[in-house]
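In: coords below, sequence missing:
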């Protein structure tokens with residue numbers, strides 16, 4: 001067992017503040033999206049990511065990674081989006097086991113309608129409460145956190161890819 005490097009009182013306060021701020025912010029965005037657009041923030045994110053891709057389409061495994069979601073959770077969400085007519089799946093021609101998610105015109109219209117309220121909420125609760133200097137600091141802090149997580153994320157991705165290749169070889 002690894003010995004813990006316990007947080008001192010200042011670090012504990014920073015950690016709890018970070019958890020409260022990020023958790024409350026994301027909960028607020030999700031509530032706003034549910035209230036104004038009738039969909040969870042996670043669905044909006046899927047639509048937004050697809051809208052930015054060439055052909056408004058992306059392989060399901062890549063979409064899961066970009067949305068920081070498990071494949072099963074993403075598959076469930078895409079099923080709901082398909083039922084609404086906002087996304088459709090299509091088979092990957094080069095890999096019969098792979099699938100693409102594609103944003104439909106109806107899904108793009110829903111995204112266009114939802115985006116202004118979402119952006120206004122982000123602006124009101126993030127950018128409007130920070131000075132330009134704080135925004136720069138937040139950008140630097142976010143980059144440092146992401147960089148610190150990259151080796152762990154890369155390792156997890158490599159493990160998942162190895163499991164996928166193994167399952168594919170045996171299946």
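Out: Nice, thanks for sending it over. Small disclaimer: the values here were computed from a predicted structure and weren't measured.
In: helix/strand/coil for residue 4?
Out: coil (DSSP: H, G, I helix; E, B strand; the rest coil).
In: how many other residues sit next to it?
Out: 6 (other C-beta atoms under 10 Å). From N, CA and C alone the C-beta is placed, and that goes for glycine too.
In: Contact partners for the nearest residue to residue 113 once chain neighbours are set aside?
Out: Of all residues not flanking residue 113 in the chain, residue 37 sits nearest, at 7.1 Å (C-beta to C-beta, 6 or more residues apart in numbering). Applying C-beta atoms under 8 Å, 6 or more residues apart in numbering, one finds that residue 37 lies in contact with 44, 110, 113-114, 117-118.
In: change it to 10 Å
Out: For residue 37, the contacting residues are 43-44, 47, 110-111, 113-115, 117-118, by C-beta atoms under 10 Å, 6 or more residues apart in numbering.
In: same thing with residue 27?
Out: Shown in contact with residue 27 (C-beta under 10 Å, 6+ apart): residue 41.
In: ditto for the one 4 residues further on
Out: Listed by C-beta under 10 Å, 6+ apart, the contact set of residue 31 reads 40-41, 121.
In: top of those by neighbour count?
Out: residue 41 (19 neighbours).
In: Leaving out sequence neighbours, find the closest residue to it.
Out: Nearest one to residue 41, counting by C-beta to C-beta, 6+ apart, is residue 30 at 4.2 Å.
In: Just the buried residues of the contacts of residue 37.
Out: 43-44, 47, 110-111, 114, 118 (16 or more other C-beta atoms under 10 Å).
In: quick one on the thing from earlier: list the buried residues in the helix or strand harbouring the residue nearest to residue 41.
Out: Per DSSP states H and E: residue 30 is located in helix 9-37. By neighbour count on 16+ other C-beta under 10 Å, the buried set for helix 9-37 is 29, 32-33, 37.
In: Which residue ranges of the chain form helices?
Out: 9-37, 41-51, 60-66, 71-83, 105-125, 132-170 (DSSP state H).
In: want to try CSV for the ones you listed, with distance to residue 89 as columns?
Out: Formatted as CSV, the helices of the chain follow (distance: least, C-beta to C-beta, whole Å):
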stretch, distance to residue 89
helix 9-37, 22
helix 41-51, 12
helix 60-66, 8
helix 71-83, 7
helix 105-125, 12
helix 132-170, 18
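In: Can I get those helices in CSV including mean pLDDT?
Out: Formatted as CSV, the helices of the chain follow (pLDDT from 0 to 100):
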stretch, mean pLDDT
helix 9-37, 97
helix 41-51, 97
helix 60-66, 93
helix 71-83, 95
helix 105-125, 97
helix 132-170, 74
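In: nearest to residue 2, of those?
Out: The minimum distance between residue 2 and the helices of the chain falls on helix 132-170, with 14.4 Å, by C-beta to C-beta.
In: Cool, thanks, signing off.
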